[in-house]
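*Asks:* Pasting the sequence and the predicted coordinates here, then a few questions.
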Amino acid sequence: MKMNYRLELQKLSLQIEETKDQEERKQLLKQAIDIADMNNDYYEGIDLRYQLIEEEQNVDFRIKLWKQSIQLADSAKDLEESFYLRKELIEEETLSTAKCIDSFPAMTWILNAVDTYPDRFNEDEVLWQYKWLANSAIDNSNVSYAQIEEVLNDLKIRLERNGYGLGAYYVPKIEWDISRGYIESAIHTIKERDNYGRDGMSDCEACEQNLKIRVKLLAGQIEEALQDMNEMKIKKLTCAEVPFETYTYLTYYLNKCQVGNADEFFNKGLNEIQENAEPNIIEGISRLINYASYFDKEHALLLFEKYANWQLGAEDCALFNISLNFLKLFQQDNILDIKGLSSEFPFYNSNQKYDSHKIYNYYLEQAQKLADKFDARNQTDNFNTLLKKEIEFNQVH
């Protein structure tokens, strides 16, 4: 029996190598996975899932495959494989989606493994991802104030224990200031960061410049932000999401402040959206949609139609900002034709005709609920203030 299943896997492997059709390869790999699983072949099951992940375009299905592989490694008590797979899951979720649902328990497991088996696992390998998840903790309204402070302190200890300075620690510290509305403190921390200098765990220079511009825009320091943008251009600083994110921030805040040429950055932002873009950029896209809602509603609606589904399952802070940014588009009572929306939306209509008032109320209620949760957690009124300002601006413009 065991020999028969191995022969069947060999036959499928040859077919997979020979076919040029990606969908056929995926179906063959799924067949092979089923055979390996039925015969409790842990090694083949994981290896075949690696191959399918390489073929699969759907990020949710890729995450599902990583989770299945983790279950197989855990059941086989293969600590090294379990460690590696959880790192891959975190990488997939943080870089390709707008949510970090499975990454938190994965990182908890990883840190426990590092602390329990320091001779088998290198703590240095996980600090970069730990920094990412510290940011995600801040963006999750269900993570308490005390838990965030604990994560930040723990990150700082682990960085220093591994010979690093405060480069990586400054990243979530600034985000924590922004979340609470402590913009002056964020500006002070950025100055500290710049004076301190970079180390091996610092964000890339493009991301650091992007964060500096964002904080200055929040502080109303428009001219300084534009100067920093020019410096970014001169130095040709880029990364996966920069300058796209920077263009969207400039578009949004120049419009709100009624200064500068927001349209220039709007068009640059649109040009940066790649065909293979992932859902993790939906918050930036929502800022472009917000801008278009004031000047070209038809264009804004087309962008909404194309990207709206990416918001599903996003982290709380992203959902708050997305909801805020979509209010203007649906402010007026209209019946709208919107194609391709997911049935997961509470306002979904199979005939693809939507009452804009219902959509507006959905986003307003979602923004208000999240504002109340964040402000209760943060012990400030920052999120409610942001929501109030957006509504007041929309009433005038």
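*Replies:* That came through fine.

*Asks:* Return the backbone torsion pair for residue 142.
*Replies:* phi -90, psi -10 (degrees, to the nearest 10).

*Asks:* try the one 10 residues further on
*Replies:* Backbone torsions for residue 152, taken as degrees, to the nearest 10, come to phi -60, psi -40.

*Asks:* OK, contacts around the nearest residue to residue 309 once chain neighbours are set aside?
*Replies:* In this structure, residue 309 finds its nearest non-sequential neighbour in residue 342, 4.7 Å apart by CB to CB, 6 or more residues apart in numbering. For the C-beta atoms, the positions are set from N, CA and C on the backbone; glycine is no exception. Listed by CB atoms under 8 Å, 6 or more residues apart in numbering, the contact set of residue 342 reads 308, 309, 312, 348.

*Asks:* Now the nearest residue to residue 128 once chain neighbours are set aside: which helix or strand?
*Replies:* Nearest non-adjacent residue to residue 128, counting by CB to CB, 6+ apart: residue 201, 6.5 Å away. When secondary structure is defined by DSSP states H and E, residue 201 falls outside every helix and strand.

*Asks:* ok, residue 201 - how many residues close by?
*Replies:* Using other CB atoms under 10 Å, residue 201 has 22 other residues around it.

*Asks:* what's the answer for residue 330, then?
*Replies:* Neighbours around residue 330, by other CB under 10 Å: 26.

*Asks:* what are the ranges of the strands in this protein?
*Replies:* 335-337, 353-355 (DSSP state E).

*Asks:* Pipe these into CSV and attach distance to residue 133 per row.
*Replies:* Listed next are these as CSV, based on distance: least, CB to CB, whole Å:
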stretch, distance to residue 133
strand 335-337, 38
strand 353-355, 36
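
*Asks:* Export those to JSON lines and append columns for mean pLDDT, mean neighbour count and distance to residue 20.
*Replies:* Output for those, formatted as JSON lines (pLDDT from 0 to 100; neighbours: other CB atoms under 10 Å; distance: least, CB to CB, whole Å):
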{"stretch": "strand 335-337", "mean pLDDT": "97", "mean neighbour count": "12", "distance to residue 20": "39"}
{"stretch": "strand 353-355", "mean pLDDT": "97", "mean neighbour count": "15", "distance to residue 20": "42"}
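
*Asks:* With residue 155 as the reference, name the closest of the ones you listed.
*Replies:* strand 353-355 (43.6 Å; CB to CB).

*Asks:* Partner strands of the closest one and their direction?
*Replies:* strand 335-337 (antiparallel) (DSSP bridges).

*Asks:* I would like the residues contacting the partner strand, please.
*Replies:* Contacts of strand 335-337 (CB under 8 Å, 6+ apart): 301, 352, 353, 354, 355, 356, 359.

*Asks:* Quick one: distance of it to the chain centre.
*Replies:* Relative to the chain's own centre, strand 335-337 is displaced by 30 Å; criterion: CA atoms, centre = their mean, to the nearest Å.

*Asks:* what's the single longest helix in the chain?
*Replies:* helix 356-378 (DSSP state H).

*Asks:* how about it as CSV, C-alpha atoms only?
*Replies:* Extracted C-alpha coordinates of helix 356-378, given in CSV (Å, rounded to 0.1, in the frame of the first residue of the first chain):
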residue,chain,number,x,y,z
SER,A,356,-25.3,55.2,-1.0
HIS,A,357,-27.0,56.2,2.3
LYS,A,358,-26.8,52.6,3.6
ILE,A,359,-23.1,52.4,2.6
TYR,A,360,-22.4,55.8,4.3
ASN,A,361,-24.1,54.6,7.5
TYR,A,362,-22.1,51.4,7.5
TYR,A,363,-18.8,53.2,7.3
LEU,A,364,-19.8,55.9,9.8
GLU,A,365,-20.9,53.3,12.3
GLN,A,366,-17.8,51.3,11.8
ALA,A,367,-15.6,54.3,12.2
GLN,A,368,-17.4,55.4,15.3
LYS,A,369,-17.2,52.0,16.9
LEU,A,370,-13.5,51.7,16.3
ALA,A,371,-12.9,55.3,17.4
ASP,A,372,-14.6,54.6,20.7
LYS,A,373,-12.6,51.3,21.2
PHE,A,374,-9.2,52.9,20.4
ASP,A,375,-9.8,56.0,22.5
ALA,A,376,-10.9,53.8,25.5
ARG,A,377,-7.8,51.7,25.1
ASN,A,378,-5.4,54.7,24.5
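
*Asks:* Sounds good, over and out.
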